[in-house]
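Asker: sharing a model that was predicted from the sequence below.
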Amino acid sequence: MTSDKPKSPRLGLYRLVTAMSLSGCLFAVLIAGGLYVLTSKRMTPGDAYARLTRPALLTTKLHLPQHTLLTSVSFKDVTDDHNELVQEQDWLLHPTESHELSGNLFVFENVLDQTGQIAVKLGPLPSMRAVKSNWDLRVHADKQGGYQAELREDETYSWQIINYTGGQLGQTRALHQAQRKLMASHEINFLSNTWGDRNQDARMNEAFILKEIQAGARLGVEVIQLDDGWQKGRTANSIDAQKANGKWEGFHDTASDFWTPDLTRFPNGFEPILQAAQQAGVVIGLWYAPDSSNDFANWQADVKTVIQLHKQYGICHFKFDSINTRSRQGEIHLDKFFDALAKQSDNQIIVDLDITANCRPGYFGRIDCGPLFVTNRYSDWHNYWPHQTLRNLWQLSRWIDPIRMRMMFLNNTRNTELYANDPLAPQQVSSESLFAPLMFCQPLGWFENSNLPSEYFQQVKPMVDLWKAHRQAIHAGTVFPVGHVPDGVNWSGFVSINTEQTAGYLLVCNGQQTKVDLERDMPNWVTVSEANQLAGSGQIQVTSDKAKIIDMAGQSFWFGTIQISPPNEAASKSVH
């Protein structure tokens, strides 16, 4: 997201293949490298999503070639309770075996030519769905040769089938592009939220937010998000929860003005902070909790409230939290809530959708909404480590477009005593190194801007300025994780590769390594022929047959642009 107002994208052309099955056969209409959704009117993102998720009448069946590698990708949300968010399992199909699996994402690749199909179930994760099923995919040998994959249609959550070429990079590129076709906004921005410093709403008032705006602007923040506590009503998370009988749902039954600015904390309303934000070149965002009680029976009242906040104050950025869908009726009402917001705001409202707790749409339930607020981590609770955040982003980025992920960095000078003698403690990582991985997603400053030490403004601000100059180009390419699975010791990172596969960006987060052998550890389709360092430590050395980074400080990073040898040249080099 950027602070500019988003524009509704044209969604008539889909560069994906939507599964349609008739008598066991797969038909697709491919035109100019993509699929046209046949319609006589221009669709909004909500319309397009509804079209893709409408109940199917027949089971979707795919015929798979003899030598197929099946990959099942399992995800976890409810990240307050989970940290290993992605698990992958492979089977090289064999006629003696059949498979019955649950999940939202399956890949079928012909190992002979690295072409394949990706099946995505557009709905919550299996454990979060209101409509349960024993399986989502069955695979068995076909008497005519090869295998048959049967994708279960449950009249609630439909499948999207995506064709790809080019192996792993092609998988990721096709999957990311398919998600972008569903997104209402492609904005990218740097957002801050005060909740990460664990003062809850104790400091929420006009004077404090005015300080946050000024400090945030100095840091390069573009959206200052007011978390829980700006409103008159009190939630169960409030510092005053016990005294005020704070609730986590049933807000509309508590008070009709629950979601209006608290005039004790903001005696002049929002006007002073909105004016200050405009002068500082930032915008204000709000935290909001749609009422989950009685299966979102008050969804229309929530729509009215959010639209009123949008129109009266010009608020476009909302973080939606506390959502809990307990039934299919609840899912239906929640979908109506999202659809109505998109329609009534002309897709100007952008949602950070929290997936940290309860039953929520998750990674695939509402791709159109906006970034996913992936995790809550706090140094106060001794559960924040920078390499763990990198690990979450790294593992998810193969499958979830990073432009859809809001990932955090904290104030690493807080609670240092809780990490005594820990070589991977947050304070062991410079503030610019904390920010570096977030250049490949949607950055979140999970802290009070006005409580940051001076080094954040000295180190992070130049990185933010650099990122803003390159963010569109980074996300115009295919972002792919490289190196080792992050563990704080070995090196990890990301590449962004252009469509021609000739150039892009490279980020190396080195852990405790002082040198990195790119030739040995990078995917075989990335052979660096030239490099230009933009930030970070160390020196990159590129010769005719080798690329490496040396003299890196521990827990640091290297970031720059790269040129890539064409695949045929890279293969020739590997032979010689």
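Answerer: That came through fine.
Asker: relative to T60, how far out is H82?
Answerer: 29 Å (Cβ to Cβ, to the nearest Å). Every C-beta, even on glycine, is put in place using the N, C-alpha and C of the backbone.
Asker: with neighbour numbers in mind, choose between the two.
Answerer: More crowded of H82 and T60, by other Cβ atoms under 10 Å: T60, with 21 against 13.
Asker: angles on the backbone of the more buried one, please.
Answerer: Dihedral pair for T60: phi -80, psi 130, per degrees, to the nearest 10.
Asker: check P443 too.
Answerer: Taking degrees, to the nearest 10 as the convention, P443 sits at phi -70, psi 140.
Asker: and the spatially most central residue of the chain, what pLDDT?
Answerer: Centroid check for the chain by Cα atoms, centre = their mean gives M405 as the closest residue, at 1.9 Å. Looking at M405, its pLDDT is 98.
Asker: could I get the buried residue list for whichever strand or helix holds T561?
Answerer: Applying DSSP states H and E as the criterion places T561 in strand 557-564. Neighbour-count burial for strand 557-564, counted by 16 or more other Cβ atoms under 10 Å, picks out F557, W558, F559, G560, T561, I562, I564.
Asker: which strands or helices does the longest helix along the chain pack on?
Answerer: Taking DSSP state H as the criterion, the chain has its longest helix at helix 454-476. Helix 454-476 is packed against helix 206-219, helix 431-435, strand 492-497, strand 503-509, strand 528-536, with contacts defined by 3 or more Cβ pairs under 8 Å, 6 or more residues apart in numbering; DSSP states H and E.
Asker: mean confidence score for the longest one?
Answerer: Pointing back at helix 206-219 there. Mean predicted confidence for helix 206-219 is 98.
Asker: shift numbering so it begins at 701
Answerer: Renumbered: residue one is now 701, and that last one reads helix 906-919.
Asker: contacts for it?
Answerer: Residues outside helix 906-919 that contact it (Cβ atoms under 8 Å, 6 or more residues apart in numbering) are 892, 894, 924, 926, 965-968, 972-973, 976-977, 980-982, 1145, 1148-1150, 1152, 1156-1157, 1160-1161, 1164.
Asker: can you select the buried ones from those residues in PyMOL?
Answerer: To isolate the buried ones among these in PyMOL, judged by 16+ other Cβ under 10 Å, type:
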select buried, resi 892+894+924+926+965+966+973+976+977+980+982+1145+1148+1149+1150+1152+1156+1157+1160+1161+1164
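Asker: quick check: the gap between I1032 and F1038.
Answerer: 11 Å.
Asker: more neighbours: the two, which one.
Answerer: F1038 (24 against 16).
Asker: for the more buried one, what are its contacts?
Answerer: G746, V1051, R1066, D1068, C1069.
Asker: let's see that with 7 Å instead.
Answerer: R1066, C1069 (Cβ atoms under 7 Å, 6 or more residues apart in numbering).
Asker: got it, and H1033?
Answerer: H1033 neighbours (Cβ under 7 Å, 6+ apart): D995, F996, W999.
Asker: for the second one, what are phi and psi?
Answerer: By that I understand F996. phi 60, psi 40.
Asker: so where does the nearest residue to it once chain neighbours are set aside fall, helix or strand?
Answerer: Among residues not flanking F996 along the chain, H1033 sits closest, at 3.6 Å (Cβ to Cβ, 6 or more residues apart in numbering). Under the criterion of DSSP H and E, H1033 resides in helix 1028-1044.
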